[in-house]
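Asks: Need a 3D model of the sequence below.
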Amino acid sequence: MGAPATIPAGATAGVPKPRPRRQRRSELKGWLFLAPALILNVGVILVPALLTAGLAFTDWNGISTPKLVGLKNFRDLAADPVFWGALWNNVKWTLIFLTVPIIMALVVASMLLTVRWGRNLFQTIYFIPMVVATVISARVWQQMIFHPISGVLGWLSQHGLNPFGGNPLTNPSTALYSVAFVDNWHWWGFIAVIFFAALRQIDPALLEAADMEGAGFWQRMRHVSLPLIRPTIVLMMIMTIIWSFLVFDFIYVITQGGPGYSTEVLATLTYKRAFETFQAGQASAIALVMSALGGVAIAAYVWLQSRGWDV
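Replies: Sure thing, here's the model as predicted:
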């Protein structure tokens, strides 16, 4: 009978040691706490998203049995001028909201740093439009501002003072920008409060040093404030891109995509294809395109992080 085999020294170095029972129990408790949120997200987000992705490849009117048609819905969209017009309107909307409200919010937030009295009052005033329901805000602007009879612009038109010469919502060349103006009124104050909170985290000594060097407001903002709150700016720009491609409520309430598709965007087109013309398969295809565009923005954010950007 041979001698018992011996295990060479160091042979177990790469073998993972079993985790203590207490550690396994702690991890199990963590998963149990996460389970309700995970189940909710799977049921409310993941499952509908997968169903929508599947319906994009079918011909379905929302009632009968879906019929698999492959890429037909996407080919139809590629040849649909209404779809491309809606996509272009989304691009214009995104460009507007990546510039106008961001710049306004940065300037106002920087000015708030110089205010010694009433900061909370100003922040509250800026934030109020954000907490008002969008449908109410849209109706107020539609009926009390733009209406040709009961609105402010109607009153100005009666006295020959309307710079638009009528209702800008009925003019295809100005309708989209008019609705964007309303949404900007609702949105920019929220960003201003976010930027102001970020600016308050800057060491006051850095701003004082810039003042002692003779830097003016714009120089201090460009060379000190903006670089230090870049992560917040980039995050809000990424979120603005995503929300711009999801815009629906203001446009649908005020113009419903008109006149002549001049304010049609992908979200309103999806709604119309699904619930007005009962082309649920094609509506799902448009929704999939919207998700892809949002995914591009998220991928850009992750790429910036991987490149070492502090975002």
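Asks: so what's the backbone phi/psi at residue 67?
Replies: Per-residue torsions, residue 67: phi -120, psi 120 (degrees, to the nearest 10).
Asks: Just to check, it is in contact with residue 59?
Replies: Yes: counting by Cβ atoms under 8 Å, residue 67 does reach residue 59; the two are 4.6 Å apart. (Glycine included, C-beta is placed from N, CA and C.)
Asks: between those two, who's got more neighbours?
Replies: residue 59 (17 against 10; other Cβ atoms under 10 Å).
Asks: Please confirm that residue 64 is located within a helix.
Replies: No: membership of residue 64 in a helix is not supported by DSSP: H, G, I helix; E, B strand; the rest coil, which gives coil.
Asks: Mean confidence (pLDDT) on the strand or helix carrying residue 292, please.
Replies: Using DSSP states H and E, residue 292 falls within helix 280-306. Taken as a whole, helix 280-306 has a mean pLDDT of 90.
Asks: Any buried residues in it, and which?
Replies: Within helix 280-306, the residues scored as buried using 16 or more other Cβ atoms under 10 Å are 280-291, 293-294, 297, 301.
Asks: Over to stretch 153-171?
Replies: 153, 154, 157, 162, 167, 168, 169, 170.
Asks: and the residue nearest the centre of the chain, what are its phi and psi?
Replies: By Cα atoms, centre = their mean, the chain has its centre lying nearest to residue 243, at 2.2 Å. Note on residue 243: backbone dihedrals following degrees, to the nearest 10 are phi -70, psi -30.
Asks: ok, so what distance separates it from residue 134?
Replies: The spacing between residue 243 and residue 134, counted by Cβ to Cβ, to the nearest Å, is 12 Å.
Asks: Residue 128 too?
Replies: In terms of Cβ to Cβ, residue 128 sits 13 Å off from residue 134.
Asks: Of these two, give the one with the bigger neighbour count.
Replies: A count of neighbours by other Cβ under 10 Å puts residue 134 above the other of residue 128 and residue 134, at 17 against 11.
Asks: My guess is the more buried one contacts residue 251. True?
Replies: No: using Cβ under 8 Å, residue 134 makes no contact with residue 251, being 10.5 Å away.
Asks: Show me the common contact partners of these two, please.
Replies: Counting by Cβ atoms under 8 Å, 6 or more residues apart in numbering, residue 134 and residue 251 have no common neighbour.
Asks: And the helices in the stretch 1-150 of the chain?
Replies: 21-41, 47-55, 72-78, 81-113, 119-131, 134-140 (DSSP state H, counting those that start in this stretch).
Asks: which intervals of the stretch 201-311 of the chain have sub-threshold pLDDT?
Replies: The stretch 201-311 of the chain contains residues with pLDDT under 70 at 310-311.
Asks: one more time with 90
Replies: Where the stretch 201-311 of the chain drops to pLDDT under 90, the residues are 202-227, 231, 234-235, 294, 297-298, 300-311.
Asks: any idea where the helices of it begin and end?
Replies: Counting by DSSP H, counting those that start in this stretch, the helices of the stretch 201-311 of the chain are 204-212, 217-220, 226-228, 230-244, 249-254, 266-275, 280-306.
Asks: who wins for proximity to residue 120 among those helices?
Replies: Of all these, helix 204-212 sits nearest to residue 120, with 18.7 Å by Cβ to Cβ.
Asks: That closest one: how far from the chain's middle?
Replies: Chain-centre distance of helix 204-212: 34 Å, with Cα atoms, centre = their mean, to the nearest Å.
Asks: Could you report the separation of residue 190 from residue 88?
Replies: 26 Å.
Asks: still on that earlier bit, out of the helices of the stretch 1-150 of the chain, nearest to residue 196?
Replies: Among the helices of the stretch 1-150 of the chain, if distance is taken as Cβ to Cβ, the winner is helix 81-113, at 4.0 Å.
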